[in-house]
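Asker: make a model of this:
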Amino acid sequence: MKFIAGSLLRSLAMCSTLLISTAIAQADTIVLKSDLWCPYNCEPDSELPGYMIEVAQEALGMFGHTVVYEKLNWLRSVEKARQGEIDGVIGAVEEEVVGFVLGPPLGPLVDGIVTRVGEELDLSKAEPLEGLTLGGINGYEYVGPLGEYIEKYRDDHNLVQFVSGDNALEMNLQKLIAGRIDVVAEDYQVILYRLREGDLADKFTVAHNEQPDPGYIAFSPKNPNSELYAKQLEEGLNDLRASGRLAEIMAKYSLPVWN
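Answerer: This next block holds a predicted model:
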């Protein structure tokens, strides 16, 4: 029995060494890009880089990977990932990244609008938007009444205006303050996070719809490892949830853990 046990232990040790060596050999640097979209992804290399970034870094780090997050405007980020120049994008809805490999849902995304104080709108229907100039972000996917309004007047610059860039929300809020547009369309949590961190809360009213979409980290369709990354992200996320670490990450951004 001692001989068999000793042989078994040596075999297990050899297997463990082989597994560790394989994990090290397969450890990758995974490059993700997006425009600033706090609380999902914020300033790179900061204490609060965004909860999706922290989840990705810790979940994929369990498999030896290093996640590098960099800022780039949304359309260019999606195109670079589509061509395989980077490994993925952060905070996508499914319609924006057709053909990509989706990781597990990383929380709900809810469409919201910002108006000036005293100019509240009901986002449950499109009619209140009629005649108003709406500011959006180039390349974003809008659904429901916002999407319907944008599609209807996409070519009318007097009613729908898009901006691009790393600080597109900031640009739209400044246009709203200046009276150049009447409504800003943006994710509800992104709006709330931005207003909490500045001195703008008393200038705006925020509303949202009741139909959230799941948000994803979407991996490049050109990368042969994308399916593996998505699976590992899901497994790591499950571990973070079970250990309570996910709740700790979300609390840093004053958000609950999603179901």
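Asker: and the helices in this protein?
Answerer: Here the chain has its helices, by DSSP state H, at 2-26, 51-61, 74-82, 144-153, 168-177, 188-197, 226-243, 245-252.
Asker: identify each buried residue in the fourth one, please.
Answerer: For helix 144-153, burial by neighbour count (16 or more other Cβ atoms under 10 Å) applies to Gly144, Pro145, Leu146, Gly147, Tyr149, Ile150, Tyr153. In short, each C-beta sits where N, CA and C put it, glycine included.
Asker: with the second one instead?
Answerer: Taking 16+ other Cβ under 10 Å as the basis for neighbour counts, the residues of helix 51-61 that come out buried are Tyr51, Met52, Ile53, Glu54, Val55, Ala56, Gln57, Glu58, Ala59, Leu60.
Asker: excluding chain neighbours, what is closest to the residue nearest in space to the middle of the chain?
Answerer: Taking Cα atoms, centre = their mean, the centroid of the chain lies closest to Gly91, which sits 1.8 Å from it. Once flanking residues are discounted, Gly91 sits nearest to Tyr40: 4.3 Å by Cβ to Cβ, 6 or more residues apart in numbering.
Asker: for that neighbour, give me phi and psi.
Answerer: Dihedral pair for Tyr40: phi -70, psi -50, per degrees, to the nearest 10.
Asker: pLDDT value on it, please?
Answerer: Reported pLDDT at Tyr40 in the predicted model: 98.
Asker: residue contacts, it?
Answerer: Tyr40 is in contact with Gly50, Tyr51, Met52, Ile90, Gly91, Leu106, Gly107, Asp187, Gln189, Val190, Gly215, counting by Cβ atoms under 8 Å, 6 or more residues apart in numbering.
Asker: thought Ile217 was touching Glu54?
Answerer: No. Here Ile217 does not reach Glu54: they are 12.0 Å apart, not a contact under Cβ atoms under 8 Å.
Asker: same list (the helices of the chain) but as JSON lines, adding distance to Pro44 and mean pLDDT.
Answerer: Listed next are the helices of the chain as JSON lines, based on distance: least, Cβ to Cβ, whole Å; pLDDT from 0 to 100:
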{"stretch": "helix 2-26", "distance to Pro44": "25", "mean pLDDT": "40"}
{"stretch": "helix 51-61", "distance to Pro44": "8", "mean pLDDT": "98"}
{"stretch": "helix 74-82", "distance to Pro44": "13", "mean pLDDT": "96"}
{"stretch": "helix 144-153", "distance to Pro44": "29", "mean pLDDT": "89"}
{"stretch": "helix 168-177", "distance to Pro44": "17", "mean pLDDT": "92"}
{"stretch": "helix 188-197", "distance to Pro44": "16", "mean pLDDT": "89"}
{"stretch": "helix 226-243", "distance to Pro44": "19", "mean pLDDT": "98"}
{"stretch": "helix 245-252", "distance to Pro44": "16", "mean pLDDT": "98"}
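Asker: deepest of those, which one?
Answerer: Of all these, helix 51-61 has the most neighbours on average by mean count of other Cβ atoms under 10 Å, namely a mean of 23.
Asker: domain-wise, how is this structure divided?
Answerer: 28-108+214-252, 111-211 (automatic domain parsing).
Asker: could you dump these into a markdown table and include distance to Asn259?
Answerer: A markdown table is the format used below for the domains of the chain (distance: least, Cβ to Cβ, whole Å):
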| stretch | distance to Asn259 |
| --- | --- |
| domain 28-108+214-252 | 9 |
| domain 111-211 | 16 |
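Asker: closest to Asp35 out of the helices of the chain?
Answerer: helix 74-82 (4.8 Å; Cβ to Cβ).
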